[in-house]
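Undergrad: mind looking at a prediction? Sequence and model below.
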Amino acid sequence: MHIPLFPLNSIILPGGRIPLQLFEPRYIDMLTRCLKDDGGFVIVLLREGEETDTLARFYDFGTRVRIVDFQQLENGLLGITVEGDAKVAVLDHWQAPDGLHMGQVELLEEESDLAVPDDQAELAVVLKALLRHPVVRDLGMTVDFDSAREVGWRLAELLPIEKTDKQRLLEMQDPLDRLDRLYSLLQAME
């Protein structure tokens, strides 16, 4: 499937939400096409460069997102909220004449939905605390705190960890391995 790519300094996983501000013409045009075609785009983590840089380099795994809300912001920019839909592998990418990154992507197999193991239950408690923050709460995400997949996805997005660690967590396909890695990262923070 050919789809627009949106390089950012943050990640999103399926079920997660993130607010974005659009001001570049290439992204305003992308938004218009996405709304017209009821389509989405893929958020990929920047490896090098800036979000506004047409020559930015990014990772080969990301998340397809759909627009769930949009509004004019007080600063005059267009604000959108997107929700993660599916993890993808970027097989090939190129730039359109307007500078928009495009990619040929493949949907990754949906992860197993396993229960949070008893020895990892503390991670769900940490997530509940993070979700109480007003900015996160305003995103309106729902989370099944018994699901290892969902707890891992949300913690990967919300914890203040290095972006390379976030990318590795995104690329993992086993939710229990992701929880183990998150638990180690939390212990290192303490």
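TA: Happy to help now that I have it.
Undergrad: all helices for this structure, in order.
TA: Counting by DSSP state H, the segments of the chain that form helices are 25-37, 121-131, 134-137, 148-158, 163-171, 175-189.
Undergrad: want to throw the ones you listed into JSON lines with mean pLDDT?
TA: JSON lines is the format used below for those (pLDDT from 0 to 100):
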{"stretch": "helix 25-37", "mean pLDDT": "83"}
{"stretch": "helix 121-131", "mean pLDDT": "93"}
{"stretch": "helix 134-137", "mean pLDDT": "85"}
{"stretch": "helix 148-158", "mean pLDDT": "95"}
{"stretch": "helix 163-171", "mean pLDDT": "95"}
{"stretch": "helix 175-189", "mean pLDDT": "94"}
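Undergrad: so which of those comes closest to residue 106?
TA: Closest to residue 106 of those, according to C-beta to C-beta: helix 163-171, at 13.6 Å. For glycine as for every other residue, the C-beta is placed from the backbone atoms N, C-alpha and C.
Undergrad: and the closest one, what does it pack against?
TA: Helix 163-171 sits against strand 41-48, strand 57-72, helix 148-158, helix 175-189, with contacts defined as 3 or more C-beta pairs under 8 Å, 6 or more residues apart in numbering; DSSP states H and E.
Undergrad: most packed of these?
TA: Comparing those by mean neighbour count (mean count of other C-beta atoms under 10 Å), helix 148-158 ranks first with a mean of 24.
Undergrad: got the CA coordinates for that helix in CSV?
TA: In CSV, the C-alpha atoms belonging to helix 148-158 read as follows (Å, rounded to 0.1, in the frame of the first residue of the first chain):
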residue,chain,number,x,y,z
ALA,A,148,-0.3,-6.8,28.2
ARG,A,149,-0.5,-5.5,24.6
GLU,A,150,-2.4,-2.3,25.6
VAL,A,151,-0.4,-1.6,28.8
GLY,A,152,2.8,-2.0,26.9
TRP,A,153,1.7,0.2,24.0
ARG,A,154,0.6,3.1,26.2
LEU,A,155,3.7,2.9,28.5
ALA,A,156,6.0,2.9,25.4
GLU,A,157,4.3,6.1,24.3
LEU,A,158,4.0,7.9,27.6
